[in-house]
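**Q** structure for this input, please:
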Amino acid sequence: MTSHRFIRTFAISLTFAACATALAQTDTVSMPDSLMAEGIPAIPKEIADSVGRYTEFRTASFNSWNPVKRQMLITTRFADTAQVHLVAMPDGDRRQLTFFPDAIQRAFYGPNTDDWFIYHKGVGGDEQFQFYRYDMATGTSTLLTDGKSRNTDGILSYDGKWLIYMSTRRTGNDSDLYMVDVTNPSSDHMVAQLTGGGWGATDISDDGKTIILQNGVSANESHLFLLDVASGQMKPLTPTSGPMIAYNGAVFSADAKSIYLGSDEGTEFSELRKMDVATGKTISLTSNIPWDVEGYTLTRDRSRLAFSTNENGMSVLYLLDTKSDKYRKAVGIPVGDISGFSWRNNDELGLSINSARAAVDAYSYDTKSGKLTRWTHSEAGGLDTEKFQEAKLIKWKSFDGREISAWLTMPPSSKYSGPRPVMIDIHGGPESQARPGFMGRYNYYINELGIAVIEPNVRGSTGFGKTFLKLDNGVLREDTYKDIGALLDWVKANPDLDSNKVMVTGGSYGGHMTYALSYYYADRIACSVPIVGMTNLVTFLENTSGYRRDLRRVEYGDERDPATRKVLEDIAPMNHATQITKPVFIIAGQNDPRVPISEATQFETKIKGSNANTWFLVGKDEGHGFIKKKNRDYQMYATVLFMRKFLLGAP
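**A** Numbers count the residues shown, from 1 in each chain. Alright, predicted model coming up:
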């Protein structure tokens, strides 16, 4: 017979258990249904509350000028993803025009009317981008492409009638040239059948008869062609054999007898040059600027050209008169990173700028007066961004004596003393570059956790000349790992940094580096967070999307070659997983077309048996990195918990 005392005690226990469960549910963060996780413990709500304001940064990127009024299209996020907004005046309200669960990549008006604009979007991170026409009067969207394949680039003819773009619809691997009348989707047709995935259209002559095509073979090699629209016939503008030359776009002059282009022929850096179409001869216009020209745009009448250079990670804007081909530096532009600039008329530029203390915002620049006008003031979660720390340039010698550099952001000395824990964040690409811009959510790690952030530019990064860019190609891959080994030596010798508390992280190629360093320097790091990274360059090359496979083989080596394959297998993190003894937090996107989810799952399956501290997070509706805010928020909460536990040693 059961006693009343036992029943009462049992009932009280149930009550306490129910309260504990309710408390646990209240005091922990719920994971969105769009994510899957393994090994991640319950995340205290206190972390979400602490991180909160640092997840509310917004950005506003200039996209296009209205061709009729002084208004602009921007992309910014009010809900989960960046959408198209109309801004009617500087500091005017942002009128949201598109409302999709997936981010808009870009939007642009035609040259003559503001009745419609074109936008570019994929689904769930799949990067199978489509072009749409948005009608301002009705708010409706019309699909202009096939709805299935990958459709990219996108330029409009001078009269605004035709959209010229590249599509993989024929084979899934090759990028062919297509045209469609933006008011008549049924007019969509192939103009030229091409081989390879590196093709892009850079400009069309004002008479609509000739298109400039660029075929990218690698970061170090590309070729330019002229295509006759009527016949589909192509002729090379630049050599298709001989020394490797990289071209950075190309645009016609007003009479179409010349072409402005970026080229590193005979130099370390990409220069702005002018080519005579009839003879193929080029002259350099910027030979006295020892930095890469990385972007340029012409006025509609092609009388003025604006271009920017990457000068030690900072953008510098220049203005060129195409009659004299003389240029001058633009004054009144703050130090930062400039992107997406284009002309409204012959005097005013629209552009996006970001710096260490200001997120990306949309601006206009009056080239006559030198006046810079800020059109958007993106929210910063109530934080005073003027108090954010600025990065400083550091340099060290690698194993072979070559100088490597990085950007170091230290926590505020007024708040933290003693050697600081370190997060080494490695950029992707590999043909990319860490630049001293807005740190966004990373400001939480710096300001609230007291962590020093180092963003290295290992060999293979852009911005340091084409010789430096090639130093990691193929079987030289392991040398980039050694660059970080030398950085770890630098950290150990720095009294302001704690070499016993170092975390490595990075996305894409940076994710691969993170995996590799986790075994290569297993005894020198505390933990690692690889994001959408490759765990074996052989399986990656075999499974990445077909349109990019040959491009990646130039960078990483051809896995079909037995000697190269052996080197790649020897250094593959996948084949050294059991040597990774420190905690690992793996993050991947289910729909990633670049680094397939299989790269992460094969690694997680192998390592979790030997490493109890393996966390795994997958975005079911994400691709090459988390884009949706709810997913990014949870990723950050989990990362903070991981860092507290394994980097900072907090209970």
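
**Q** every contact and neighbour count from this point should use C-alpha atoms.
**A** Will do.

**Q** wait, doesn't residue 396 sit right on residue 487?
**A** Yes: counting by Cα atoms under 8 Å, residue 396 touches residue 487, with 6.9 Å between them.

**Q** higher neighbour count, those two?
**A** Ranked by neighbour count (other Cα atoms under 10 Å), residue 396 and residue 487 place residue 487 first, with 23 against 16.

**Q** for the more buried one, grab phi and psi.
**A** phi -70, psi -40 (degrees, to the nearest 10).

**Q** return the residues in contact with it.
**A** 396, 398 (Cα atoms under 8 Å, 6 or more residues apart in numbering).

**Q** for stretch 108-120, list the C-alpha coordinates in CSV.
**A** Output of stretch 108-120 as CSV, limited to C-alpha atoms (Å, rounded to 0.1, in the frame of the first residue of the first chain):
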residue,chain,number,x,y,z
PHE,A,108,19.0,48.5,-61.1
TYR,A,109,16.7,50.8,-63.2
GLY,A,110,16.8,51.1,-66.9
PRO,A,111,18.3,54.2,-68.4
ASN,A,112,15.1,56.0,-69.5
THR,A,113,12.2,55.2,-67.2
ASP,A,114,11.4,54.6,-63.6
ASP,A,115,8.3,52.5,-64.4
TRP,A,116,10.3,49.4,-63.6
PHE,A,117,13.6,48.0,-62.4
ILE,A,118,15.4,44.7,-62.6
TYR,A,119,16.4,42.6,-59.6
HIS,A,120,18.4,39.5,-59.0
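
**Q** from residue 514, how far out is the residue most central in space within the chain?
**A** Relative to the mean C-alpha position of the chain, the nearest C-alpha, by Cα atoms, centre = their mean, is the one of residue 428, at 8.0 Å. For residue 428, the distance to residue 514 equals 11 Å [Cα to Cα, to the nearest Å].

**Q** overlap of the contact sets of the two?
**A** By Cα under 8 Å, 6+ apart, the residues touching both residue 428 and residue 514 are residue 506.

**Q** thinking again about what came up before, specify the local secondary structure of the residue nearest to the centre of the chain.
**A** Under DSSP: H, G, I helix; E, B strand; the rest coil, the three-state class of residue 428 is coil.

**Q** show me what contacts it?
**A** 506-511.

**Q** among those, who's most crowded?
**A** Going by other Cα under 10 Å, residue 511 tops the contacts of residue 428 with 28 neighbours.

**Q** just the pLDDT for that residue.
**A** Confidence at residue 511, expressed as pLDDT, is 98.

**Q** that one touches residue 528, doesn't it?
**A** No: at 9.5 Å, residue 511 and residue 528 do not qualify as touching, with contact defined as Cα under 8 Å.

**Q** just to revisit the earlier point, secondary structure and distance to residue 57 added to the contacts of residue 428, as JSON lines?
**A** Converted to JSON lines, the contacts of residue 428 look like this (DSSP: H, G, I helix; E, B strand; the rest coil; distance: Cα to Cα, whole Å):
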{"residue": "506", "secondary structure": "strand", "distance to residue 57": "21"}
{"residue": "507", "secondary structure": "strand", "distance to residue 57": "20"}
{"residue": "508", "secondary structure": "coil", "distance to residue 57": "23"}
{"residue": "509", "secondary structure": "helix", "distance to residue 57": "26"}
{"residue": "510", "secondary structure": "helix", "distance to residue 57": "24"}
{"residue": "511", "secondary structure": "helix", "distance to residue 57": "24"}
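
**Q** for residue 263, state which of those is nearest.
**A** Closest to residue 263 out of the contacts of residue 428 is residue 509 (25.6 Å), distances taken as Cα to Cα.

**Q** who touches residue 505 in this structure?
**A** Neighbours of residue 505 in contact, by Cα under 8 Å, 6+ apart: 423-426, 511, 514, 528-531.
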